[in-house]
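A.B. asks: this one's sequence-less:
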């Protein structure tokens, strides 16, 4: 009788031990998985939600959620780990963050390289590494917020205009001038003229080197080509005469009156090579402007002095 009882006790202990081992194994498999051929441990895609529910829920509603559900089953490209790296060790021991890429602890260069591992393709990001923003230590997460975006498009941390003005205060003042492009009113945005991820052109302006092609998207009536072209337009673009953001002149000229602008080139001096104003032009008359006669100042097909 004693032997039977002892055997039953041993059997129960054995089954209990096997059960615990089975549960432990199942728990381990449920929280971490090792990628084939890799020493890194990856957790299931939804494992992060247990502790980081608020962040996970917000991320789950973003475009990143759709793009990181990799159909190949590779855990390194799925869920939070697609950006933050393998989380298996962290799930087993929350204090272990050695394999995680925590963005706030890294430099702008490292953060940008991380984002570019997915966003390197396409024309928008071709010059991102060499952009003015990158050269000045601006990281992707300074403008974009994967977890707490305020815009549905592009996941910006603030609405676009407000975001740009956090750094570009001089331009914010220009958009408050009497005559300006309607950026504050929401008619156009900074992104319509500039590519924040960089271009090969100055000021990160989209399109042509002389910067005029971006203006012609709206101002097509003065695009040309013309038989007789105004040299500044051809050589330097629209910004040789106009301030693009805003100014005191109704045509957003660099000077308060048309004549003052024209005389920066058309003087008796020879530095510009431009012809000077004829002696019979009376500049004493108030409100007189060169463009009263030279009406086609951007270019003409009929007059080499831009009369018509």
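C.D. replies: All right, it came through fine. Computed from a predicted model, the values in this text were never measured in an experiment.

A.B. asks: The closest residue to residue 183 other than its chain neighbours: neighbour count?
C.D. replies: Nearest residue to residue 183, sequence neighbours excluded (CB to CB, 6 or more residues apart in numbering): residue 175, at 5.2 Å. Using the backbone N, CA and C atoms, a C-beta is placed for each residue, glycine as well. Close neighbours of residue 175, defined as other CB atoms under 10 Å, add up to 18.

A.B. asks: So residue 175 versus residue 201, what's the distance?
C.D. replies: 21 Å (CB to CB, to the nearest Å).

A.B. asks: picking that back up, thought residue 187 was touching the residue nearest to residue 183, still the case?
C.D. replies: No. Using CB atoms under 8 Å, residue 175 is not in contact with residue 187, being 11.5 Å away.

A.B. asks: Need the residues touching each of the two.
C.D. replies: Jointly contacting residue 175 and residue 187 under the rule CB atoms under 8 Å, 6 or more residues apart in numbering are residue 181.

A.B. asks: Do you know the pLDDT at residue 130?
C.D. replies: Model confidence at residue 130, given as pLDDT, is 80.

A.B. asks: Please read the previous query as pertaining to residue 291.
C.D. replies: Per-residue pLDDT puts residue 291 at 87.

A.B. asks: Same question for the one 4 residues further on.
C.D. replies: According to the prediction, residue 295 has pLDDT 88.

A.B. asks: Please look at it and residue 303 and confirm they touch.
C.D. replies: No. Contact criterion CB under 8 Å: residue 295 and residue 303 do not qualify, at 9.3 Å.

A.B. asks: Any stretches of the stretch 51-200 of the chain with poor pLDDT?
C.D. replies: Counting by pLDDT under 70, the stretch 51-200 of the chain contains low-confidence residues at 66-73.

A.B. asks: at 80 instead, please
C.D. replies: Where the stretch 51-200 of the chain drops to pLDDT under 80, the residues are 63-79, 121-124, 200.

A.B. asks: which residues of it fall in strands?
C.D. replies: 179-180 (DSSP state E, counting those that start in this stretch).

A.B. asks: what sits against the residue nearest to residue 233 when sequence neighbours are not counted?
C.D. replies: With sequence-adjacent residues excluded and distances taken as CB to CB, 6+ apart, residue 233 is closest to residue 298, at 5.9 Å. By CB under 8 Å, 6+ apart, residue 298 lies in contact with 222, 224, 226, 230, 233.

A.B. asks: Residue 252 too?
C.D. replies: Residue 252 touches 179, 180, 181, 242, 243, 244, 246, counting by CB under 8 Å, 6+ apart.

A.B. asks: so how far is residue 188 from it?
C.D. replies: 14 Å.

A.B. asks: Mind listing the shared neighbours of the two?
C.D. replies: Listed as contacting both residue 252 and residue 188 by CB under 8 Å, 6+ apart are residue 181.

A.B. asks: Show the backbone phi and psi for the nearest residue to residue 85 once chain neighbours are set aside.
C.D. replies: Spatial nearest neighbour of residue 85, excluding adjacent residues (CB to CB, 6+ apart): residue 101 at 4.5 Å. Dihedral pair for residue 101: phi -100, psi 100, per degrees, to the nearest 10.

A.B. asks: cool, residue 247 as well?
C.D. replies: phi -160, psi -170.

A.B. asks: Ignoring the adjacent residues along the chain, who's closest to it?
C.D. replies: residue 177 (5.4 Å).

A.B. asks: List the contacts of that neighbour.
C.D. replies: With contact taken as CB under 8 Å, 6+ apart, residue 177 is in contact with 245, 246, 247, 248.

A.B. asks: could you dump those residues to a markdown table with distance to residue 153 and neighbour count?
C.D. replies: Output for the contacts of residue 177, formatted as a markdown table (distance: CB to CB, whole Å; neighbours: other CB atoms under 10 Å):
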| residue | distance to residue 153 | neighbour count |
| --- | --- | --- |
| 245 | 23 | 20 |
| 246 | 25 | 20 |
| 247 | 30 | 19 |
| 248 | 34 | 13 |
